[in-house]
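K.L.:
sequence and predicted structure below; questions after.
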Amino acid sequence: MAEKNLDRRQRRSRRLLRDALFALILEKGYDAVTVEEITRRADLGRATFYLHYRDKEDLLLQCLEETADGLAEQIGLLQPARPQEEDGHLQADFSGKSPVLLVFQHAAQNASIYRVILRGEGAYKVSRRIREIASRYAAEFFSARLGYGDGEPRSTIPIEVVANYFAGSLLGMLTWWLESGMPYSPEQMSETFRQLLFQGLRQVIRPEGE
């Protein structure tokens with residue numbers, strides 16, 4: 001059921017159910033949470049729950065998809081930046097707002113669901129799905145911004161390997177940041193991640209002396 005097709009009361013019910021689920025997971029863990037507890041915390045009936053979701057896994061998966069879609073929509077509004085060469089090395093153009101900054105800002109705005117997902121709570125398919133989403137957008141990012149697929153090989157390492165390395169590093173840093181109470185701003189974290197990751201990747205994508 002698409003969110004945009006729901007009326008105000010239905011959207012409110014879904015929001016209450018999601019908030020209840022996140023709060024309960026953070027309190028006691030996904031496996032211990034029941035539909036009855038979710039509806040009690042949301043102050044809604046079981047019939048309302050099953051009007052929107054099949055079970056608690058369906059609720060969590062839909063939240064994940066909608067959160068990812070919201071982030072993807074924001075990233076899609078950015079203009080692709082082409083790579084630049086400086087002293088013979090590949091330089092990613094991060095002028096303006098970067099996708100990595102958007103990720104940290106989006107995580108700050110949706111901290112509860114990110115904490116739940118990045119902790120690995122929920123069914124295996126939830127954790128696998130968030131990794132797949134991150135890897136897919138990382139692959140698109142590198143293809144558009146770092147020259148993969150432009151006819152000039154940048155590396156012998158396949159794009160999917162680079163994308164998964166990027167996604168794993170980003171998710172690991174997000175997890176630490178959220179669990180530590182977000183001690184640094186999204187802007188600081190984005191710049192730190194850029195320096196840590198791209199200083200190393202630059203050597204992989206265009207080795208020195210090539």
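P.N.:
Arrived safely.
K.L.:
in the protein, which ranges drop under the pLDDT threshold?
P.N.:
1-5, 78-97, 121-127, 129-130, 144-155, 200-210 (pLDDT under 70).
K.L.:
domains of it?
P.N.:
As given by automatic domain parsing, the domain ranges for the chain are 1-53, 56-205.
K.L.:
could I get those domains in CSV, plus columns for mean neighbour count?
P.N.:
For the C-beta atoms, the positions are set from N, CA and C on the backbone; glycine is no exception. CSV is the format used below for the domains of the chain (neighbours: other Cβ atoms under 10 Å):
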stretch, mean neighbour count
domain 1-53, 15
domain 56-205, 16
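K.L.:
can you pull out the strands in the chain?
P.N.:
Ranges of strands in the chain, per DSSP state E, are 84-86, 89-91.
K.L.:
so who does Leu17 touch?
P.N.:
By Cβ atoms under 8 Å, 6 or more residues apart in numbering, Leu17 lies in contact with 38-39, 42, 44, 48-49, 52-53, 59.
K.L.:
phi, psi for Ser180 please.
P.N.:
Backbone geometry at Ser180, expressed as degrees, to the nearest 10, gives phi -90, psi 0.
K.L.:
do you know how far it is from Arg115?
P.N.:
Noted for Ser180: a distance of 11 Å to Arg115, by Cβ to Cβ, to the nearest Å.
K.L.:
and what of Leu44?
P.N.:
In terms of Cβ to Cβ, Leu44 sits 23 Å off from Arg115.
K.L.:
and what of Ala23?
P.N.:
11 Å.
K.L.:
circling back to that earlier point, make CSV out of the contacts of Leu17 and add distance to Arg194.
P.N.:
Formatted as CSV, the contacts of Leu17 follow (distance: Cβ to Cβ, whole Å):
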residue, distance to Arg194
Ile38, 39
Thr39, 43
Ala42, 40
Leu44, 43
Thr48, 44
Phe49, 42
His52, 39
Tyr53, 38
Leu59, 35
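K.L.:
among these, name the ones in helices.
P.N.:
The members of the contacts of Leu17 that map onto helices under DSSP state H are 38-39, 42, 48-49, 52, 59.
K.L.:
how about those in JSON lines, adding distance to Phe141?
P.N.:
Below are these laid out as JSON lines (distance: Cβ to Cβ, whole Å):
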{"residue": "Ile38", "distance to Phe141": "35"}
{"residue": "Thr39", "distance to Phe141": "40"}
{"residue": "Ala42", "distance to Phe141": "37"}
{"residue": "Thr48", "distance to Phe141": "39"}
{"residue": "Phe49", "distance to Phe141": "37"}
{"residue": "His52", "distance to Phe141": "33"}
{"residue": "Leu59", "distance to Phe141": "30"}
